[in-house]
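Novice: Build me a model from this:
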Amino acid sequence: MIFSINSENNIRVLDAPPSSDSAAPDGTLVFDSSKAFTHAGLEWPMARFVAVWEKLAPRVGLKPVQKFENRQIAMVRIWRAVEKFAEQPALGVLEAHGPDGAQAGVSTHTRTAARPKAPRASSRRKPASRRYLARAPPRRR
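Specialist: From the prediction side, this is the model:
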């Protein structure tokens, strides 16, 4: 399969590589393997990896990230997500906005109430008298 990522970070799955007559516009990356993606991604700023991930991750069931630890991790994770995206039937295009005008990957339904958090371990401390007894005895000289 052949993939393209344009300057707006929209991802497409192509049936055939673009012909030389209709060359890819500036800022569009066309790749067919992880090696080609890695080579082309070396010039990207780290912010672009995050922007691509933010559009791609929700569509393939992955969690969004604030940043990547390093460039190599970003490229590997995005490549795996692109492969997952290509396996999904009849998607083919991941645009900035969905068919109803909503932003891609953003749900329009409201969230349910969060479950209450369990009490922290520090609130279940032993009373002071038991803490004193649990300490190791002082060393004698």
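
Novice: Return the distance of the closest residue to Ser7 other than its chain neighbours relative to Phe3.
Specialist: Distances taken as CB to CB, 6 or more residues apart in numbering place Gly27 nearest to Ser7, at 3.1 Å, with adjacent residues excluded. The C-beta positions use only the backbone N, C-alpha and C, and glycine is treated the same way. Going from Gly27 to Phe3 by CB to CB, to the nearest Å gives 15 Å.

Novice: Please report how far the residue nearest to Ser7 lies from Val13.
Specialist: 18 Å.

Novice: Next: Leu56.
Specialist: From Leu56 to Val13 the distance is 12 Å (CB to CB).

Novice: Then Met46?
Specialist: In terms of CB to CB, Met46 sits 25 Å off from Val13.

Novice: ok so, going back, pick out whichever of Gly27 and Val13 has more residues nearby.
Specialist: Val13 (17 against 10; other CB atoms under 10 Å).

Novice: so what's the closest residue to Phe31 other than its chain neighbours up against?
Specialist: Spatial nearest neighbour of Phe31, chain neighbours left out: Phe37 (4.4 Å); criterion: CB to CB, 6+ apart. If you count contacts by CB atoms under 8 Å, 6 or more residues apart in numbering, Phe37 has them with Phe3, Leu29, Phe31, Met75, Ile78, Trp79, Val82.

Novice: which among those residues gets closest to Val65?
Specialist: The nearest member of the contacts of Phe37 to Val65, counting by CB to CB, is Ile78 at 10.5 Å.
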